[in-house]
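J.: for reference, the sequence and a predicted model appear below.
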Amino acid sequence: MSESAPDPRLQSLLDRLQPGPVRRVKVIGFDGADALVALEGPEGRNVEVGRVPQHELSMRRFDDPAEIVSVGEEIEAEEIGRWREGQLHLSARACENPELRSFLLGIRPGQILSGTVSEVHNFGVFVHLDGEPDGLCTGFIRVTELSWSRINHASEAVEVGQRVTTEVIVSETRRGQVIVSLKALLEDPLIRFANQTGRVLRGPITKIIPFGVFVRLADCVEGFLHLSELTNEPVESPDQLVSEGEVITVRVAEVDLQRHRVSLRAVMTGEDVQASRSV
């Protein structure tokens, strides 16, 4: 398993996805497609007015919020945060299915879960997790969490019906979903590559983007070479200078374990080229 430090920006996002407190509220009206609710205080007294945004009302499809809730109805809703000059926003969909919510609340980040792949798409993979409520599919793996290797489609890593063992990233009550990872259970290849800083290596170009190229340096390890390292002349795209599959010589400038990236520099001297051939 990877021991690299978590990206603080990612950790901040995951913290915001954690379940919030549940409040008993009464629907008092609508503001467009949003529902306005009164929050109960001690002895049932209304203490403030909150808002349930349209997309937080239900996991079901609807055109009018009145199809989901009615004025005077009491519902449970999970606190999201304060917006619009301090108004409290809540999610009713997070509490809509008590059995699903109970399942999701019993899952913690870092927990190991197994399941069966149910759908494979270009954006990720849906997984039936063991123990989830009947009729639901709660697991999801983003393409970037399938493998340390660069893949173009999730089907390169898994297939429908395959059994998988994953690590939980976050359990989202508002989406009714558990975000899990396959690659979290594999060692980050950059850990073994971290001592390569300063080395001169040769590798094929695996991808060209408008501002640089990616170069394969080792199994599951790619580095990025910025366009400015390829030439001092103005060019519209790196593919005017190099092509995918072309083998080039580069120097490893930095191995960033936290952001999981390798920065490269161009190699210009004959001595460096000779050094690369001896690696």
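T.: Everything's here; your move.

J.: report the mean per-residue pLDDT for stretch 89-101.
T.: Mean pLDDT, computed over stretch 89-101, is 96.

J.: quick one: low-confidence parts of the stretch 51-200 of the chain?
T.: The stretch 51-200 of the chain contains residues with pLDDT under 70 at 84.

J.: what about 50?
T.: Within the stretch 51-200 of the chain, no range satisfies pLDDT under 50.

J.: specify the beta-bridge partners of the residue nearest the centre of the chain.
T.: The centroid of the chain falls nearest to Arg142 when counting by Cα atoms, centre = their mean (6.2 Å). Here Arg142 sits in beta bridges with Gly124, as judged by DSSP bridges.

J.: for it, give its distance to Gln111.
T.: Separation of Arg142 from Gln111 (Cβ to Cβ, to the nearest Å) stands at 18 Å. C-beta: built from backbone N, CA, C; applies to glycine.

J.: could you do Ser237 as well?
T.: Distance, Ser237 to Gln111, using Cβ to Cβ: 45 Å.

J.: can you give the domain ranges for the protein?
T.: Using automatic domain parsing, the domain ranges for the chain come out as 12-96, 101-185, 197-278.

J.: can you give me the offset of the shortest one from its chain's centre?
T.: Averaged C-alpha coordinates place domain 197-278 at 27 Å from its chain's average position (Cα atoms, centre = their mean, to the nearest Å).

J.: where along the stretch 1-150 of the chain do the strands fall?
T.: Per DSSP state E, counting those that start in this stretch, the stretch 1-150 of the chain carries strands over the ranges 22-31, 34-40, 46-52, 74-83, 87-91, 112-121, 124-129, 139-142.

J.: can you list those strands in TSV and add distance to Ala157?
T.: Below are the strands of the stretch 1-150 of the chain laid out as TSV (distance: least, Cβ to Cβ, whole Å):
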stretch	distance to Ala157
strand 22-31	37
strand 34-40	40
strand 46-52	38
strand 74-83	33
strand 87-91	32
strand 112-121	9
strand 124-129	8
strand 139-142	9
